[in-house]
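Sequence and predicted model, in that order:
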There are 4 protein chains.
Amino acid sequence: MNTIGTDFRITLFGSSHGPVVGCTIDGCPPGLPLDERMFENDLALRRPHPGIGTPRRESDDLRMLSGIKDGITTGTPITLTIANKDVDSSKYERFKAVPRPGHADYPAMMKYGEHHDIAGGGQFSGRMTAAMVVAGTVAKAILSTIDVQVGAYTRSIAEVVDGDVHSITHILEERGNNPVRAASADMVPKMMDEILAAGEDDDSVGGIIQCHCEGLPVGVGEPFFDTVEGEISKMLFSIPGVKGVGFGAGFGATKVRGSENNDSFALIEGRVITVTNRHGGVLGGMTSGMPIMMRVALKPTASIGKEQRSVDLATMRETTLKIEGRHDPCIVPRAVVVVESAVAMVMADLCIRGGFIE
Amino acid sequence: MNTIGTDFRITLFGSSHGPVVGCTIDGCPPGLPLDERMFENDLALRRPHPGIGTPRRESDDLRMLSGIKDGITTGTPITLTIANKDVDSSKYERFKAVPRPGHADYPAMMKYGEHHDIAGGGQFSGRMTAAMVVAGTVAKAILSTIDVQVGAYTRSIAEVVDGDVHSITHILEERGNNPVRAASADMVPKMMDEILAAGEDDDSVGGIIQCHCEGLPVGVGEPFFDTVEGEISKMLFSIPGVKGVGFGAGFGATKVRGSENNDSFALIEGRVITVTNRHGGVLGGMTSGMPIMMRVALKPTASIGKEQRSVDLATMRETTLKIEGRHDPCIVPRAVVVVESAVAMVMADLCIRGGFIE
Amino acid sequence: MNTIGTDFRITLFGSSHGPVVGCTIDGCPPGLPLDERMFENDLALRRPHPGIGTPRRESDDLRMLSGIKDGITTGTPITLTIANKDVDSSKYERFKAVPRPGHADYPAMMKYGEHHDIAGGGQFSGRMTAAMVVAGTVAKAILSTIDVQVGAYTRSIAEVVDGDVHSITHILEERGNNPVRAASADMVPKMMDEILAAGEDDDSVGGIIQCHCEGLPVGVGEPFFDTVEGEISKMLFSIPGVKGVGFGAGFGATKVRGSENNDSFALIEGRVITVTNRHGGVLGGMTSGMPIMMRVALKPTASIGKEQRSVDLATMRETTLKIEGRHDPCIVPRAVVVVESAVAMVMADLCIRGGFIE
Amino acid sequence: MNTIGTDFRITLFGSSHGPVVGCTIDGCPPGLPLDERMFENDLALRRPHPGIGTPRRESDDLRMLSGIKDGITTGTPITLTIANKDVDSSKYERFKAVPRPGHADYPAMMKYGEHHDIAGGGQFSGRMTAAMVVAGTVAKAILSTIDVQVGAYTRSIAEVVDGDVHSITHILEERGNNPVRAASADMVPKMMDEILAAGEDDDSVGGIIQCHCEGLPVGVGEPFFDTVEGEISKMLFSIPGVKGVGFGAGFGATKVRGSENNDSFALIEGRVITVTNRHGGVLGGMTSGMPIMMRVALKPTASIGKEQRSVDLATMRETTLKIEGRHDPCIVPRAVVVVESAVAMVMADLCIRGGFIE
């Protein structure tokens, strides 16, 4: 359903071509400063960058309907809405009959039937992630009260991979300065090339987003089931296009011996650390005090201009389909702040649950 | 916490060196035949295989305390316990002071303090997965009423990879016939070699488990947040050692173009299918009717005989640590049925939630 | 927190003196006709009646932000907001220091601190119940698809009691025709007299609301814990002013013998019924097929014009307090539709959970 | 379903005539002393008293399966089972066809069908409350760490009412000293007479249980929906036989003016109190710091020896039914400790949720 979280709880609503998308955030502590600029900064990271994005102009007209008074949270639920504009629903009606490959159209039709609001992808549209972003703004503000930071960046586009390790400070400084949301300036042209080339071919590319969360106390997470990895991955898989998640060495951990994969404990200035961080900051489902590090696989955008094979559900015949208009040849750059928000929401919830934040 | 699921709900209890591990299963429909042999078959798949496993003899003495009468479920909660035997807690006390690398010891001590029952890993022990297995037996029985099958097998051990695609029938027939729980007889010796070599070096190896779920109707899953992938991955990350999850092409999807990654729709005997299954049976968080296919990364066993660096939390000095006794050089084979159970539990829950099973 | 329900789930937001109060409703089936008039009819029942109500003019300017398209539900979350108008917050600031007897001021200050938005009672205001009413409109529309009806009326004001038993048809026809929301025309003058007399004395009165729910199938409710009575009473106690709930004979059942209190089973036209309905339609936490009948005790309005004793929390001295302006001398009539909505929301949720509504 | 609570969570299992009834308790802090004697003392209060009770001898053979080590909680889930003995299921089979008036038989048959384990009332048996009692023992131990006490007693049996107000100390000292669990020694003979007279007539009586909870901090409770009254009443209505709940003045509040019903604030030794406690310790759904006081209406035992009218569901004809054997003519005395446990469980949960207990 559309609510997630235990002590910090988010409910999403709206759809791509309705009046708004929005969220209600329950469990935000009172007294937290939150102003429009903070929301706007995060929303800006999600907007399509000129040159590589969709032509849909999203002005992200934000309204704070409840829970914030004079720029300070009151402790009651925060409701935020973002108006939808520039909407042309007409071209979507056809996808009820002829589902687009790689999209939710087919199972959504089977599950919700004719009343399913398919326009713009309806509830399955990437537009819903705008509401996740502003909920993430609130979560990041909460985490900042205990000096926890969350930052994501584009690790790879297709085969172009940024193999460097970046500090959270570097990530947060750099990822807004370039259209692909990379952490390394020298990766930008190569990643851009991949995206533009795909666009020119009426095709698309995917990539990997890396996300770090630093400054966490030890012991955040509520095993057996409500583990840090489990809660984060559940949230991440609700982002359209995510197909894989790995923590620390992730799938790479399967290829080395235990003696190499185990991170030794050591002391630095009286503080317990691990010498390496192949465990990605989580042991036994709880934070170890080391940075949480994860990689998130995003498939290439499903909407492409190329002709594709599908089935006409009305006539039950095979057919072909061309998705008109221009589309994002790569959603990875725009998803960077969404992943960041998703991780922030989960960690705010787990920190509050564990009593690390009041 | 220790409860998961919405309409089919599992609560785990017990610890490695207490009297029992067990589970309470709420939401199982009445009238389902369930006998001891079904539980025993699944537990047998989890027991260490002579030659590659731990020497701890787990007889898995099962008791059905409630919810089953004369081999038929009554519709009330099912409580199952498995007695713990062959317990030697003495050697674990030291890990409260000197946490084992790669284990939950350190965050658990920080979170739960001195009363934390560390013996045998306490609540973080792999022993807890025995309780997941019997809950999985119930879930698989429920799914079988609508002809849904779940099967897992060892896809890789270290660098030895089974690249073949297997049918669920083949998986379920084959995976019990060999110690590594492989689906291909010809992979067995190579995988065995990896495991035995690691054991001889007082070291360990990890690997990848592949799991399929077939026969599902279209539209199972409750987006926005309670997606098939999200619910499954949350459950999977509670299995000790899991560090990554991918659906369908998973991380591989990030490297190809959309035109290659999108699975075309077609008709076979009047039924809508996709020609390929790179989406892994899930679109928009809901089942597409194609088999769910996922890969689960398990790190090498954290307990190894080699000397490792750690910190003595009592004296706050760096130290070294050797874990005595023999340990599983590879948990992947035993985790195969655990992954299978985890997936079955989630799919039973989502099928009941969606009204696909009464 | 501000979310309730399992399969039909309501999240409330807003506060009395913020821009809006509103709710997000998750789990409403697609294809349900819902128009503004239906909401308006229910909101009208909650508005103060000229002559006995508060002077605050509530125009209840409703907006449907999501989930309804062309008057039909889409299956995605429904968000409804009601604009707040006619707001004068200035007079409330004082209650942060000097809590009003019978109000939430004191515990709210202790719990939420200085940032607590106390204006108009903030989140504890009766204004929040406007959002419950429109959620109830949706719930009643859902229940009507299986011919279930919910209706409430004023059973008593102070000592004036309507001892008659009314059919649901009669209740629904009658309760909107008079200012006290009574089901018997002849009770109206006496109830009015009680309310007006209290108002003239700068005082207030309470009363009992009776609510029926008819047409339910047998077996709705999810014991052991999610009983019909338990779920309804949890919802009811969130309505400001509710202090007691009884089902069927309620407290009266404690005074008679079992042979008198047990309702005999009988057959009418092949249908199992009970000859009497002292059990109030619920046996073992599940519906029996007989009408659910409950009584809800509402205390007299806490806001009265009379001088009252309180404590100044800033100076920690005893003091007195007079609440200026005019207030509802009796909230019972306005709460009738709120109780109706609360019961409808719970029964819609339990009917969906039990598979009685798809 | 069979799980309740958020941060302190109880799952019940078992049935009257299965091997055990039991519970799993999640969220109990580590380091809490808990010994068998504490459980035994509470179970003893629930056992039938010679002379007025059922002849079923319940020895309450308790087993602690997990979560307690050397008499100290470990922080992992606590599982407790109580063996069932002295079981004669044969006489219950008939009630599947001919439902007993006032019992769950009829809706349970309609809901769960033929596999419903009706023996001894199955999951609807009062026997389940034994598991609530031991969960309550744990909750009371948790509350005692912040000096919160819970105590209940029999306020009335039929028309015999104890109108006195009792301190919690007095209640806890007195209620175990007499068979009816009264707080006033002089009420005992009159209450006994009512019960014995009903028993001699093959009939039964009900009554009212009063419960107090003292020592609570201000601000416990999580409105809007998770109010103290709402959470407690949901729990209470799961106790078989409960038909009404009132807090403070309860239904009595409906008959007086606001000026009489509002409790004035005052200072005692620098502490804010209310001069009276008609609000029953809860304002706006949160604790006020005054004792929580509630009354719980229990109907007369449904099982009576007198001949009653019912319907044969197999033949669909009206018939009569006599329940053989001896039955509790009054469950009120045995339910006293169950109510106490229910209230303790909820308050432990809300105190942990609110951060008042770590």
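Arrived safely, thanks for sending.

Which helix in chain A has the most residues?
When chain A is parsed with DSSP state H, its longest helix is helix A:332-353.

And that one, what does it pack against?
With contacts taken as 3 or more CB pairs under 8 Å, 6 or more residues apart in numbering or on different chains; DSSP states H and E, helix A:332-353 sits against helix A:36-46, helix A:128-144, strand A:149-157, strand A:207-214, helix A:228-236, strand A:292-298. (C-beta placed from N, C-alpha, C; glycine too.)

where's the closest residue to residue A:166 other than its chain neighbours relative to residue C:146, distance?
Nearest residue to residue A:166, sequence neighbours excluded (CB to CB, 6 or more residues apart in numbering or on different chains): residue A:183, at 4.5 Å. From residue A:183 across to residue C:146, the span is 56 Å (CB to CB, to the nearest Å).

Compare these two (neighbour count), which wins?
More neighbours surround residue A:183 than the other of residue A:183 and residue C:146, with 27 against 14 (other CB atoms under 10 Å in any protein chain shown).

quick one, phi/psi of that one?
The phi and psi values for residue A:183, taken as degrees, to the nearest 10, are phi -100, psi -10.

Isn't the residue nearest to residue A:166 up against residue A:168?
No - Residue A:183 lies out of contact with residue A:168 (CB atoms under 8 Å); the separation is 10.1 Å.

Show the backbone phi and psi for the closest residue to chain B within the stretch 101-250 of chain A.
Per CB to the nearest CB, residue A:104 is where the stretch 101-250 of chain A lies closest to chain B, at 2.3 Å. Backbone torsions for residue A:104, taken as degrees, to the nearest 10, come to phi -80, psi 0.

which residues does it contact?
Residue A:104 is in contact with A:121, A:124, A:240, B:223, B:283, B:284, B:285, B:286, counting by CB atoms under 8 Å, 6 or more residues apart in numbering or on different chains.

Count the residues that sit near the fourth one.
By that I understand residue B:223. Neighbours of residue B:223 under the rule other CB under 10 Å: 24.

quick one, what contacts it?
Counting by CB under 8 Å, 6+ apart, residue B:223 touches A:104, A:123, A:124, A:238, B:284, B:285, B:286.

try the third one
Contacts here follow CB under 8 Å, 6+ apart; on that basis residue A:240 touches A:104, A:121, A:124, A:125, A:126, A:128, A:129, A:331, B:284.

Do a quick rundown of the helices in chain A.
Ranges of helices within chain A are A:36-46, A:94-97, A:105-112, A:128-144, A:168-174, A:188-200, A:228-236, A:258-261, A:332-353, based on DSSP H.

in the fifth one, what counts as buried?
This means helix A:168-174. By neighbour count with 16 or more other CB atoms under 10 Å in any protein chain shown, helix A:168-174 contains the buried residues A:168, A:171, A:172, A:174.

just checking, the last one touches residue A:187?
No - using CB under 8 Å, residue A:174 is not in contact with residue A:187, being 10.2 Å away.

where in the stretch 1-150 of chain A is pLDDT low?
A:51, A:53-59, A:86-90, A:117-122 (pLDDT under 70).

Can you pull the residues of it lying near chain D?
Within the stretch 1-150 of chain A, the positions lying close to chain D (CB under 8 Å from any CB of the partner chain) are A:6, A:7.

for chain B, what are the nearby residues on the stretch 1-150 of chain A?
For the stretch 1-150 of chain A, the residues in contact with chain B under the definition CB under 8 Å from any CB are A:1-4, A:12, A:99, A:101-108, A:110-111, A:123-124, A:128.

re earlier: and the contacts of residue A:104, which two are the farthest apart?
Maximum pairwise distance in the contacts of residue A:104, criterion CB to CB, is 13.4 Å, between A:121 and B:286.

Distance check, the residue of chain A most remote from its centre against residue A:110.
Most distant residue from the mean C-alpha position of chain A: residue A:315, 37.3 Å away (CA atoms, centre = their mean). Residue A:315 is 17 Å from residue A:110, where distance means CB to CB.

residues touching the nearest residue to residue A:257 once chain neighbours are set aside, list them.
Once flanking residues are discounted, residue A:257 sits nearest to residue B:203: 4.7 Å by CB to CB, 6+ apart. Shown in contact with residue B:203 (CB under 8 Å, 6+ apart): A:257, A:258, A:259, B:300, B:304, B:305, B:306, B:329.

same question, residue A:230
For residue A:230, the contacting residues are A:285, B:233, B:234, B:235, B:236, B:237, B:238, by CB under 8 Å, 6+ apart.

now residue A:304
By CB under 8 Å, 6+ apart, the residues touching residue A:304 are A:202, A:203, A:204, A:323, A:327, B:258, B:259, B:262.
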